[in-house]
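Next one to model:
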Amino acid sequence: MPFMDLIKKAIFEEEPQAVQQPAKPVGGRPVPTPAPDAAASYVPMGTRDNQFYTRLAKQTDLSAVPELAKIEAFAAPLVSVIPDKSMRYKAALATAQAQGGLTKDAILKGFDSLLNVLNSSASSFTKQSDEVGKTEVDGRMGQISDINSTIQQKQKEIADLQQQAKSMQSQAELSRSKLQDAKANFAAALDRRRAEIQQQRKEFENILG
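From the prediction side, this is the model:
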């Protein structure tokens, strides 16, 4: 598996999930399903193609927290009535407080719970990516160390063989020199003895008439 896929799996293999709870009816009528809002779908420029960001955003969607889903549900119908976002959410909170007891603190705690999910993801990613690092990085560094040791051993063997070759070459040159000397000595001895025999033959030829 490619290294980056292992890293992605490290954080997304077990995604921490925020507890999904259906919004409770308010005043005997169900809370309307919230429409997508800029507050819930904001994606900073430069992160649209970042798979980590996409999955983290999915893990921490505002609809996963009942208090945040509730305020969105009350704010959604007011989009066309109150264009100003600040005024719209203030009006939605006032209605939610009156009908469902929703408070500002509850909403802010909802965001805190999402931050806790992010912290959990960060801890999981650090742990899992460290484990991947031990396997993919430290493991390969160990293999590199073994290969370097093998290279050093082979280099030593090559150096020993080169030294052995030099020694054998020196011995061969010495043998060649001795052989050449021997051939020269033999040729000299052969010529000397041939001359002696020829001289003796000549003497006997004269003696014997």
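
how much space between Asp130 and Glu136?
11 Å (CB to CB, to the nearest Å). Where C-beta positions appear, they are placed from N, C-alpha and C, glycine not excepted.

okay, those two: which has more neighbours?
Applying other CB atoms under 10 Å to Asp130 and Glu136 shows that Glu136 carries more neighbours, namely 16 against 13.

Could you check which helix or strand contains Ala106?
Using DSSP states H and E, Ala106 falls within helix 104-133.

ok, then the element right after that helix?
helix 139-207.

what angle do that following helix and helix 104-133 make?
10 degrees (axes from the mean of the first three to the mean of the last three CA atoms, to 10 degrees).

For the helix holding Ala106, name the packing helices and strands.
Applying 3 or more CB pairs under 8 Å, 6 or more residues apart in numbering; DSSP states H and E, one finds that helix 104-133 contacts helix 3-12, helix 51-59, helix 66-75.

in it, what's buried?
Ala106, Ile107, Gly110, Ser113, Leu114, Val117, Ser121, Ser124, Phe125, Gln128, Ser129, Val132 (16 or more other CB atoms under 10 Å).

ok, so of these, who is nearest Gly142?
Distance to Gly142, by CB to CB, is smallest for Val132 among these, at 15.1 Å.

Just give me the neighbour total for Ala94.
With other CB under 10 Å as criterion, Ala94 counts 12.

Report the secondary structure state of it.
helix (DSSP: H, G, I helix; E, B strand; the rest coil).

Number the residues from 479 up from this point.
All set: I'll call the first residue 479, so the last point we hit is now Ala572.

In contact with it, which residues are there?
By CB atoms under 8 Å, 6 or more residues apart in numbering, the contact set of Ala572 is empty.

How confident was the prediction at it?
We have a pLDDT of 94 for Ala572.

Might you list the low-confidence residue ranges for the protein?
479-527 (pLDDT under 70).

how does it look with 80?
Applying pLDDT under 80 to the chain flags residues 479-527, 687.

looking at it, Glu545 is touching Ala584, isn't it?
Yes - the pair Glu545 / Ala584 is scored as a contact, 4.6 Å apart, by CB atoms under 8 Å.
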